[in-house]
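**Student:** I need the structure of the sequence given here:
(one chain, ligands or ions: 1)
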Amino acid sequence: RPGQVLCSPLVLSEEQTSFLKTLYEPCNRFFEEVNDPNWNDKNEKVQAKTLQGLKELKMFGLQVPENLGGLGLTDTQYARMVEILGWHDLAVGVTLGAHQSSSFKGILLFGDKHQKEKYLPDLASGRSLAAFCLTEPTSGSDAASIWTMAEVSQCGKFYTLNGSKMWISNGGVADVFTVFAKTKVKDVTTGEEHGKISAFIVEKEFEGVTSGPPEEKMGIKASSTTSVSFDNVNVPAENVLGGFGNGFKVTMNVLNNSRFGTVSTLAGTMRRVIEKAANHAAKQKQFGKEIRNYGIIQDKLAHMAMYHCVTESMAYMISGNMDMKVSDFHLEAAISKIFASEASWEVTDECIQILGGAGYMKKAGVECIMRDLRIFRILEGTNDILQIFVALAGLQHAGAQLQELQHTLEDPLNNSSVLFTELGLRAKRIIWIPTGISLDGVVSGHLLDTAGLVTKCVDLLSEAVEHLLLKFGTQVTHHQFHLKRIADAAIDIYAMGVVLSRATQSLNHNLPSALHEKLLCESWCYKASERVRWNLKAVKASSWNCYYQNMKSITDEVVRTGGVLYPRPMGF
Ligand code: MYA
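**Tutor:** Residues are numbered from 1 along each chain as shown. Below is the predicted model of the structure:
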């Protein structure tokens with residue numbers, strides 16, 4: 001919807017902006033002066049003085065309403081605040097993010113008055129910490145397959161929880177857990193039993209709740225990650241969150257609502273990393289010139305800037321839309337989480353490359369960021385499952401439209417105008433004429449050629465999606481080689497949309513950075529549109545099916561052999 005992508009997402013009033021500034025500056029200073037990321041990383045915990053200071057700054061309850069002890073920030077204000085965490089210390093970011101972006105978000109979004117009043121004041125002040133308990137040893141990407149059970153008591157006044165959760169952020173330090181568990185329910189018509197997921201607010205103090213030892217991790221070492229077990233834990237029925245049986249909806253909504261925070265945090269990290277790379281490229285001389293003068297370095301730095309620009313634009317586009325009470329943002333949230341975590345990884349890797357040997361050393365401060373970043377391609381839904389989610393959610397929508405069209409065209413005589421419009425659309429696509437989506441008047445007049453690249457890509461995506469649906473029907477869900485490429489194209493197109501929007505606003509407001517943003521936008525869209533064409537060709541062209549078949553055969557062999565199949569060239 002152009003209105004949700006090509007819009008002005010900055011919805012803060014002057015009062016909200018000045019309030020944000022009063023929070024932002026002390027918080028940033030606090031991180032500069034008090035927090036020690038190296039100490040945290042080395043000791044695998046956040047220093048007590050940092051936690052205390054963050055509580056005093058009210059950083060534990062950024063979005064909790066003021067009457068319940070929080071700061072009551074909007075999503076856009078929240079996005080700006082958490083950027084600071086990404087800039088300074090991702091492990092502190094995960095501690096605070098796990099607490100409020102996901103773990104008590106369920107109470108904020110779905111809690112009743114009693115639940116909010118009972119839990120939020122302590123959570124907002126940092127007197128108690130929260131954890132989100134979804135993942136289990138056999139349930140990761142397939143969130144609905146959890147085994148933790150909640151059996152309702154005869155009197156109906158409590159549920160007894162049994163099961164184990166793993167890799168829980170804040171697991172070892174939390175006092176309040178949002179736990180997802182299944183209850184067996186009998187279908188009255190068929191008599192069959194099935195599991196209904198509900199969300200429960202569980203206190204550490206409830207008998208039978210235990211946390212495992214801290215996990216030894218690659219990065220975000222200062223944040224606590226443990227298993228959490230529930231052994232005959234009795235949870236009062238009033239602690240069911242969002243209504244009995246609504247747990248899947250609660251989980252999905254919490255995750256949808258938390259992802260923009262992660263995106264903004266990672267935009268903060270990328271700004272920092274780009275600053276390090278740019279300073280080095282400006283000072284370091286090789287072969288008689290500062291390395292910034294060499295094309296090979298320019299290619300990297302320019303790409304890093306583009307990745308950052310897109311990520312930051314996505315963060316504020318989504319938070320702005322959320323503040324404008326747009327309810328349908330789950331696809332964009334998934335897209336931006338994938339994009340931000342891949343982009344920040346790439347940008348940090350390139351920063352190390354620009355710094356050379358120095359970048360590999362601890363002293364440069366980038367290796368810790370690299371280790372910390374790796375988890376973001378996995379947490380809050382792996383990028384792989386989110387790619388499939390993006391593709392299938394889009395296809396589901398297109399499939400419904402196509403089905404409607406099919407019904408209409410069953411009676412072509414009475415629907416001749418629809419028939420001609422649809423035939424016309426398809427004919428235009430075949431001979432590469434735009435089908436009528438136009439961004440004229442929506443984007444800056446200086447960016448119309450670039451906007452043309454985007455509309456062409458949208459046409460190509462429609463065509464590829466339709467092709468897949470007609471070819472595979474409902475079986476399309478099993479064709480992940482194709483789905484991945486549809487998702488990649490959708491991600492690139494959304495990315496093009498948000499930078500177009502950003503550059504348009506900067507040009508319209510004559511910002512000093514406007515021409516630079518225009519350059520970033522044009523360059524990004526040029527490259528992304530090439531990628532879209534390439535990905536969608538790989539969806540439609542039958543020659544690619546042979547490649548997919550090869551990928552499957554190679555994998556079958558590798559797995560059957562338990563590794564690499566062929567001997568070394570010398571035979572042993
Ligand atoms: S927690 C672990 C994260 N785990 C996941 O994210 C699990 C990923 N898996 C899934 O999301 C689901 O299993 C998927 C499939 C979606 C893949 N919004 O049949 P279905 C609806 C709205 O597709 P499944 C962690 O990492 C769908 O339309 N609705 O279901 C914490 C359908 O509705 P209907 C959705 O195949 C980390 C129904 O559900 C969505 O079982 C914390 C069933 O759909 C959606 N997204 O699922 C760390 N998806 O029936 C710290 C599906 O009406 C944070 N549906 O058609 C770090 C923060 C960093 C800093 C922050 C700053 C402070």
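
**Student:** Identify the residues contacting the residue of the stretch 451-572 of the chain found nearest the ligand.
**Tutor:** Sorted by distance to the ligand under CB to the nearest ligand atom, the residues of the stretch 451-572 of the chain start with T477, at 9.2 Å. All C-beta spots, glycine's among them, are computed from the backbone N, C-alpha and C. With contacts taken as CB atoms under 8 Å, 6 or more residues apart in numbering, T477 has the following neighbours: L392, L483.

**Student:** And T561, by the same measure?
**Tutor:** By CB under 8 Å, 6+ apart, the contact list for T561 is empty.

**Student:** again, but for R292
**Tutor:** Taking CB under 8 Å, 6+ apart as the contact definition, R292 lies against A278, A281, A282, Q298, L301.

**Student:** try L470
**Tutor:** Residues touching L470, when contacts are defined by CB under 8 Å, 6+ apart, comprise L402.

**Student:** K300 too?
**Tutor:** Shown here is K300, whose contacts under the criterion CB under 8 Å, 6+ apart are A277, E350, Q353, I354.

**Student:** Please state the offset of the helix or strand where it lies from the chain centre?
**Tutor:** With secondary structure defined by DSSP states H and E, K300 is part of helix 295-323. Once both centres are worked out by CA atoms, centre = their mean, to the nearest Å, helix 295-323 turns out to sit 14 Å from its chain's centre.

**Student:** helix or strand right after that helix?
**Tutor:** Reading on from helix 295-323 to the C-terminus, the next helix or strand found by DSSP H and E is helix 330-355.

**Student:** and the helix holding K300 with helix 330-355, angle?
**Tutor:** 150 degrees (axes from the mean of the first three to the mean of the last three CA atoms, to 10 degrees).

**Student:** Next, see if helix 295-323 gets close to the ligand.
**Tutor:** No - contact between helix 295-323 and the ligand, assessed by CB under 6 Å from any ligand atom, is absent, since the two come no nearer than 10.7 Å.

**Student:** Contact partners for the residue nearest to V390 when sequence neighbours are not counted?
**Tutor:** Excluding the flanking residues, the one nearest V390 by CB to CB, 6 or more residues apart in numbering is A487, at 4.4 Å. For A487, the residues meeting the contact criterion (CB under 8 Å, 6+ apart) are I338, Q387, I388, V390, A391.

**Student:** Same check on E380?
**Tutor:** With contacts defined as CB under 8 Å, 6+ apart, the neighbours of E380 are S102, L255, S258, R259, T262, K337.

**Student:** That one and the ligand, how far apart?
**Tutor:** 5 Å (CB to the nearest ligand atom, to the nearest Å).

**Student:** How much space separates that residue from L500?
**Tutor:** The gap separating E380 from L500 is 27 Å, by CB to CB, to the nearest Å.

**Student:** ok, now D89?
**Tutor:** Between D89 and L500 the distance is 33 Å, computed by CB to CB.

**Student:** try V152
**Tutor:** Here the criterion is CB to CB. By it, V152 lies 52 Å from L500.

**Student:** for S13, same thing?
**Tutor:** When distances are taken as CB to CB, S13 and L500 turn out to be 26 Å apart.

**Student:** between the two, who's got more neighbours?
**Tutor:** Counted by other CB atoms under 10 Å, S13 and L500 do not tie: L500 has more neighbours, with 27 against 9.

**Student:** Around the ligand, pick out the residues from this structure.
**Tutor:** On the criterion CB under 6 Å from any ligand atom, the ligand has as its neighbours in the chain the residues 82, 85, 93-94, 96-98, 101-102, 132, 134-135, 141-144, 169, 252, 255-256, 261-262, 265, 330, 379-381, 385, 389.

**Student:** ok, back up a step: select from the contacts of E380 the entry with the lowest predicted confidence.
**Tutor:** By predicted confidence (pLDDT), the lowest-ranked of the contacts of E380 is S102, with 93.

**Student:** May I ask you to confirm that it is in contact with R259?
**Tutor:** No - with contact defined as CB atoms under 8 Å, S102 and R259 do not form a contacting pair (9.5 Å).

**Student:** Compare those two (neighbour count), which wins?
**Tutor:** It is R259, of S102 and R259, that has more neighbours when counted by other CB under 10 Å, with 29 against 26.

**Student:** Give me the buried positions along the helix holding K300.
**Tutor:** Judged by neighbour count using 16 or more other CB atoms under 10 Å, the buried positions of helix 295-323 are 297, 300-301, 303-323.

**Student:** Which residue, other than its chain neighbours, is closest to the residue nearest the centre of the chain?
**Tutor:** With distances taken as CA atoms, centre = their mean, the chain has K337 as the residue nearest its mean C-alpha position (2.0 Å). Among residues not flanking K337 along the chain, R259 sits closest, at 4.2 Å (CB to CB, 6+ apart).
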